[in-house]
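Participant: Give the three-dimensional model of this entry:
(chains A, B, C and D)
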Protein chains: 2
Amino acid sequence: MAPVASSDPVYLRVVADIRRQILDGSLPPDAPIPSRAQLTRRYGVGETAARHALRVLAAEGLIVARIGSGHYVRAKPVLLPLHRWRFHDHHVPFGADLHAQGIRTTWDRRSEVVGATPDIAQRLRLEEPAPVTLTRYVFRGDGKPVQLTTSYEPAGFGEPAPDEAPRALIGRMSAHGAKITEVVEEVHTRIPEPAESDLLALPAGTHVLHVERTHWAGDRPVETSDIVIPGDRFRLVYAHPLHP
Amino acid sequence: MAPVASSDPVYLRVVADIRRQILDGSLPPDAPIPSRAQLTRRYGVGETAARHALRVLAAEGLIVARIGSGHYVRAKPVLLPLHRWRFHDHHVPFGADLHAQGIRTTWDRRSEVVGATPDIAQRLRLEEPAPVTLTRYVFRGDGKPVQLTTSYEPAGFGEPAPDEAPRALIGRMSAHGAKITEVVEEVHTRIPEPAESDLLALPAGTHVLHVERTHWAGDRPVETSDIVIPGDRFRLVYAHPLHP
DNA sequence: AAGTGGTCTAGACCACTAT
DNA sequence: TAGTGGTCTAGACCACTTA
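Facilitator: Next comes the predicted model:
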């Protein structure tokens, strides 16, 4: 019998051993992980413990399962940069980063006027039942959805023209006398909602980056959006010039 | 017998039913979820399926387990804002946001000179075996670690003074002739490493926000950091003024 | 045809919580 | 003391991949 050092749960012995091999390179990316049956024999544990160990390693993102085939060391995914804005050029069109990677980008949009929810009313500093224009965007890279955006504006700035580009908002607001002075983005990470998982075809266990973006005209918020980005494919880039 | 609509896995029936009750409010925050034994009876499934359903709901962040007591609907956590910078004031000291919440902040630091890893060498545009000053910070809120930072500078800008504040870097670089012109932050979400989970006392299943920050002097990178922030407690705030 | 992961059953023991 | 979640065993069936 192998020397056993700890009284920890059995499955953690298996997890720790495989994790170590992955991190120190003995198991390189795409290398096969022992199957449930092999783990029970090799470590002298039951099927449940072996199964649980594989599940934990998968949840940690260290291995991926191909059903019918086996578990494999997951290659670290490449995170494409999404430049949220640039100095002297706030007008980064969606898709510039993707296009630089040779990815063809498209998008579509649906607008409707609805009553503001309490959350949106607070973000736009409106009284609650105020009407707002809600616009849903789906951005696609090579045909597959890669970003979901839900935008809210107080009704009255006019709907976006059917062929208006997403970033033309600043001009349209300006035409209605609201000169945009600041954009604020709040970033957090969360578990995708089931609908988001479906649309974005997210692998189990991946998170999304959720960006709450608000356009300000002076001290008045004139547009706010919820932007949902797959966390396993993208990183957000913020550049900030210092007293130029 | 209740009407069964789908041939999906059994545990998904349980998951879908409980998820619906949580999302539509029938099960409010902190409400108890039926136990494994109750689920087996109520839905006519085995213990394994009941157990699996609870595990999935916990992984989705909808419920939390209190061992020995039961599962409960998880109250949506409040995400404290961390302002990464502000217009006309890039000098946001760490802890300003926390202090505004009545949280007392402290930090400590250890520096050493090491050889640059390939990754760090690339980020600092150095030849590989170049010496760099590595500084590890632990930031604490009310005594508990809330942010981990690992900073790298080419050796030769002098070590930070023992009592130098973290943000004094810009001044120290300037004194060595490197005028910082831009800060770039790249944000992604990932699973915490085990050491990070321990230090930050992260609940299972939570992600971290990983900020790769680089200070630039013209086209030369003079400092780069990896900043690790618990994803269940914070959101990052980026404000961007438009052609002022 | 053999092996694999996903799912599932029917139990069980333990440490912990609640009463 | 009863109930709970965390862990664990010993098996099993299925859809799928691989050869």
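Participant: Using neighbour counts, pick out the buried residues of stretch A:119-126.
Facilitator: Using 16 or more other CB atoms under 10 Å in any protein chain shown as the test for burial, stretch A:119-126 gives A:I120, A:A121, A:R123, A:L124, A:L126. (C-beta placed from N, C-alpha, C; glycine too.)
Participant: Among those, which ones are in helices?
Facilitator: The members of these that map onto helices under DSSP state H are A:I120, A:A121, A:R123.
Participant: Show the pLDDT at the last one.
Facilitator: Model confidence at A:R123, expressed as pLDDT, equals 96.
Participant: which non-adjacent residue is nearest it?
Facilitator: Spatial nearest neighbour of A:R123, chain neighbours left out: A:T224 (4.5 Å); criterion: CB to CB, 6 or more residues apart in numbering or on different chains.
Participant: so the one you found sits in a helix?
Facilitator: No. Secondary structure of A:T224 (DSSP: H, G, I helix; E, B strand; the rest coil): strand, not part of a helix.
Participant: And it, how far from chain B?
Facilitator: According to CB to the nearest CB, to the nearest Å, A:T224 and chain B sit 14 Å apart.
Participant: and that residue, what is it in contact with?
Facilitator: By CB atoms under 8 Å, 6 or more residues apart in numbering or on different chains, the residues touching A:T224 are A:I120, A:R123, A:L124, A:S151, A:Y152, A:E212, A:R213, A:T214, A:H215.
Participant: Name the nearest of those residues relative to chain B.
Facilitator: A:E212 (7.9 Å; CB to the nearest CB).
Participant: Can you give me the distance of that closest one to B:R84?
Facilitator: As judged by CB to CB, to the nearest Å, A:E212 and B:R84 stand 14 Å apart.
Participant: Neighbour count: those two, which is higher?
Facilitator: Neighbour totals were compared for A:E212 and B:R84, and B:R84 leads with 22 against 16 (other CB atoms under 10 Å in any protein chain shown).
Participant: Is there proximity between stretch A:165-179 and chain B?
Facilitator: Yes. Using CB under 8 Å from any CB of the partner chain, stretch A:165-179 reaches chain B at A:I170.
Participant: Can you give the distance of that stretch from its chain's centre?
Facilitator: In terms of CA atoms, centre = their mean, to the nearest Å, the centre of stretch A:165-179 is found 27 Å from the chain centre.
Participant: Tell me the buried residues in that stretch?
Facilitator: Buried, per 16+ other CB under 10 Å, within stretch A:165-179: A:P166, A:L169, A:I170, A:R172, A:M173, A:A178.
Participant: Kindly indicate which of these lies nearest A:L54.
Facilitator: Proximity of the buried residues of stretch A:165-179 to A:L54 was ranked by CB to CB; the top entry is A:P166 with 42.1 Å.
Participant: Where does pLDDT dip in chain A?
Facilitator: Along chain A, the parts satisfying pLDDT under 70 run over A:1-7, A:86-94, A:166, A:243-244.
Participant: How many neighbouring residues does A:Q147 have?
Facilitator: By the measure other CB under 10 Å, the count of residues near A:Q147 is 25.
Participant: Give the helix, strand or coil label for it.
Facilitator: For A:Q147, the assignment made with three-state DSSP gives strand.
Participant: And for it, nearest residue in space, chain neighbours not counted?
Facilitator: Nearest one to A:Q147, counting by CB to CB, 6+ apart, is A:F139 at 4.1 Å.
Participant: if I read this right, the one you found contacts A:R104, doesn't it?
Facilitator: No. Between A:F139 and A:R104 there is no contact under CB atoms under 8 Å: 11.7 Å.
Participant: Just want to know which of the two has more residues nearby.
Facilitator: Shown here are A:F139 and A:R104; by other CB under 10 Å, A:F139 has more neighbours (20 against 11).
Participant: Can you pull the phi and psi angles for the more buried one?
Facilitator: phi -100, psi 140 (degrees, to the nearest 10).
Participant: and the gap between it and B:Y43?
Facilitator: 39 Å.
Participant: Wait, A:R140 touches A:W107, no?
Facilitator: Yes. Counting by CB under 8 Å, A:R140 touches A:W107, with 6.4 Å between them.
Participant: Tell me how far A:V56 lies from B:R51.
Facilitator: A:V56 is 15 Å from B:R51, by CB to CB.
Participant: Tell me which of these two has more neighbours.
Facilitator: Each of A:V56 and B:R51 has its neighbours counted (other CB under 10 Å); A:V56 has more, 18 against 15.
Participant: Check which helix or strand the closest residue to that one other than its chain neighbours maps to.
Facilitator: Take A:V56 and drop its neighbours on the chain: the residue closest to it by CB to CB, 6+ apart is A:V15, 5.2 Å away. A:V15 belongs to helix A:10-23 when assigned by DSSP states H and E.
Participant: Packing partners of that helix?
Facilitator: helix A:36-43, helix A:47-59 (3 or more CB pairs under 8 Å, 6 or more residues apart in numbering or on different chains; DSSP states H and E).
Participant: Could you check that helix and say which residues are buried?
Facilitator: A:V10, A:Y11, A:R13, A:V14, A:V15, A:I18, A:R19, A:Q21, A:I22.
Participant: again with stretch A:216-234
Facilitator: Buried-residue list, stretch A:216-234, by 16+ other CB under 10 Å: A:216-217, A:221-234.
Participant: What of stretch A:71-90?
Facilitator: For stretch A:71-90, the neighbour count (16+ other CB under 10 Å) marks A:H71, A:Y72, A:V73, A:R74, A:L79, A:L80, A:L82, A:H83, A:R84, A:W85, A:H90 as buried.
Participant: So what are the structural domains in chain A, by residue number?
Facilitator: According to automatic domain parsing, chain A comprises the domains A:10-73, A:80-238.
Participant: roughly how far is the shortest one from the heart of the chain?
Facilitator: Put plainly, it is domain A:10-73. 27 Å.
Participant: End to end on it, go ahead and measure it.
Facilitator: 21 Å (CA to CA, to the nearest Å).
Participant: Excluding residues flanking it in the chain, which one is nearest A:R13?
Facilitator: A:Y43 is the one closest to A:R13 (CB to CB, 6+ apart), at 6.6 Å.
Participant: Around DNA strand D, pick out the residues from chain A.
Facilitator: Residues of chain A lying close to DNA strand D by CB under 7 Å from any atom of the strand are A:9-12, A:45-49, A:52, A:66-69.
Participant: Quick one, which of the residues you listed are buried?
Facilitator: So, by 16+ other CB under 10 Å, the buried ones in the residues of chain A next to DNA strand D are A:V10, A:Y11, A:V45, A:A49, A:H52.
Participant: In a markdown table, list the residues you listed along with distance to A:T189.
Facilitator: Output for those, formatted as a markdown table (distance: CB to CB, whole Å):
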| residue | distance to A:T189 |
| --- | --- |
| A:V10 | 32 |
| A:Y11 | 27 |
| A:V45 | 33 |
| A:A49 | 31 |
| A:H52 | 26 |
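Participant: Identify the bridge partners of A:R109.
Facilitator: A:Y137 (DSSP bridges).
Participant: Now do the contacts for it.
Facilitator: A:T135, A:R136, A:Y137, A:V138, A:P160, A:P166.
Participant: Rebuild the residues you listed as JSON lines, extending it with distance to DNA strand C.
Facilitator: Below are the contacts of A:R109 laid out as JSON lines (distance: CB to the nearest atom of the strand, whole Å):
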{"residue": "A:T135", "distance to DNA strand C": "36"}
{"residue": "A:R136", "distance to DNA strand C": "30"}
{"residue": "A:Y137", "distance to DNA strand C": "32"}
{"residue": "A:V138", "distance to DNA strand C": "27"}
{"residue": "A:P160", "distance to DNA strand C": "41"}
{"residue": "A:P166", "distance to DNA strand C": "37"}
